[in-house]
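Colleague: Pasting a predicted model and its sequence here:
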Amino acid sequence: MAKQPKRIKAWTGDREAAHSVEAAIALVKANAKAKFDETIEISVNLGVDPRHADQQVRGVVNLPSGTGRDVRVAVFAKDAKAAEATAAGAEHVGAEDLYEKINGGFMDFDRVIATPDMMALVGRLGKVLGPRGLMPNPKVGTVTPNVGQAVKDAKGGAVEFRVEKAGIVHAGVGKASFDAKALEENIRAFADAVIKAKPAGAKGNYLKKIAISSTQGPGVKVDPSSLNAA
């Protein structure tokens, strides 16, 4: 088992107590003392069984304070739409040429966006993009004719989320350098989006546990009621 950082071992807070979102943010920021700007992450345990089609949870949320990350975007588009994507700041834009690069092992990007007419081509990269969670999907706005806006959203704070096999949704919601208000706004926005994505098949307690942490810090439990998410 991997060794825990000394800061996690030394932390004397009550790890089982659920804190208000404000108190949890204060604890996480106080313990984010790495030499780099740690990412603040949220993890939500959901009362769903992702093995069932009617209990899938997936969506996208625009974090009001951004992510603090430099998101690299690849766009599959042609002609005017390709020019639109480039103007919006996409790092990699193309069609068959971009397909060949990615199929050959090129992966220098964090998000893939495609116009609808490009999906027959992009679909052939399913075994490459799918396992990495990079396959464009209309449900999260990454298959769209409005590629310019999609690129801007991706770079401005749009975060995709998808439930994992264990029923957990997680994402980065900012950086330790963010002030507490910015982090709170992002965390509340993320929780709201997960609630709105509640599937029809979910029964009983939907939001079971919520925790936030920094990259190298301890997890701190958040009381769902402090997010109006009980």
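Modeller: Good, I have the coordinates.

Colleague: Please, where are all the helices along this structure?
Modeller: In the chain, the segments counted as helices under DSSP state H are 6-10, 21-30, 79-88, 96-103, 119-122, 126-129, 147-156, 180-196.

Colleague: Comparing those, which comes out most buried?
Modeller: helix 147-156 (a mean of 22; mean count of other CB atoms under 10 Å). The C-beta positions use only the backbone N, C-alpha and C, and glycine is treated the same way.

Colleague: that older thread, would you mind giving the helices of the chain as CSV with mean pLDDT and distance to residue 163 added?
Modeller: Shown next, in CSV, are the helices of the chain (pLDDT from 0 to 100; distance: least, CB to CB, whole Å):
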stretch, mean pLDDT, distance to residue 163
helix 6-10, 48, 26
helix 21-30, 94, 21
helix 79-88, 97, 29
helix 96-103, 97, 26
helix 119-122, 97, 23
helix 126-129, 96, 19
helix 147-156, 93, 21
helix 180-196, 95, 9
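
Colleague: Name all residues that make contact with the most far-flung residue of the chain relative to its centre.
Modeller: The outermost residue of the chain relative to its centre, with distances by CA atoms, centre = their mean, is residue 79 at 30.1 Å. Residues in contact with residue 79 (CB atoms under 8 Å, 6 or more residues apart in numbering): none are found.

Colleague: Could you dump the helices of the chain into a markdown table and include distance to residue 45?
Modeller: Output for these, formatted as a markdown table (distance: least, CB to CB, whole Å):
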| stretch | distance to residue 45 |
| --- | --- |
| helix 6-10 | 20 |
| helix 21-30 | 15 |
| helix 79-88 | 36 |
| helix 96-103 | 34 |
| helix 119-122 | 32 |
| helix 126-129 | 27 |
| helix 147-156 | 27 |
| helix 180-196 | 11 |
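
Colleague: Nearest to residue 203 among those would be which one?
Modeller: Of all the helices of the chain, helix 180-196 sits nearest to residue 203, with 15.3 Å by CB to CB.

Colleague: what sits up against the closest one?
Modeller: Contacts for helix 180-196 (CB under 8 Å, 6+ apart): 21-22, 25-26, 29, 40, 42, 44, 46, 57, 59-65, 157, 159, 161, 169, 171, 173-174, 178, 206-207, 210, 212, 222, 224, 227, 229.

Colleague: One more pass at 7 Å, please.
Modeller: Helix 180-196 is contacted by residues 21-22, 25-26, 29, 40, 42, 44, 57, 59, 61, 63-65, 161, 169, 171, 173-174, 212, 227, 229 when judged by CB atoms under 7 Å, 6 or more residues apart in numbering.

Colleague: Tell me which entries of these lie within strands.
Modeller: Under the assignment DSSP state E, the contacts of helix 180-196 contribute 40, 42, 44, 59, 61, 161, 169, 171, 173, 174, 212 to strands.

Colleague: Check the gap between the spatially closest residue to residue 155 that is not a sequence neighbour and residue 227 for me.
Modeller: Sequence neighbours aside, residue 71 is the residue nearest to residue 155 in space, at 5.3 Å (criterion: CB to CB, 6 or more residues apart in numbering). Computed as CB to CB, to the nearest Å, the residue 71 to residue 227 distance reads 25 Å.

Colleague: Many thanks, I have nothing further to ask.
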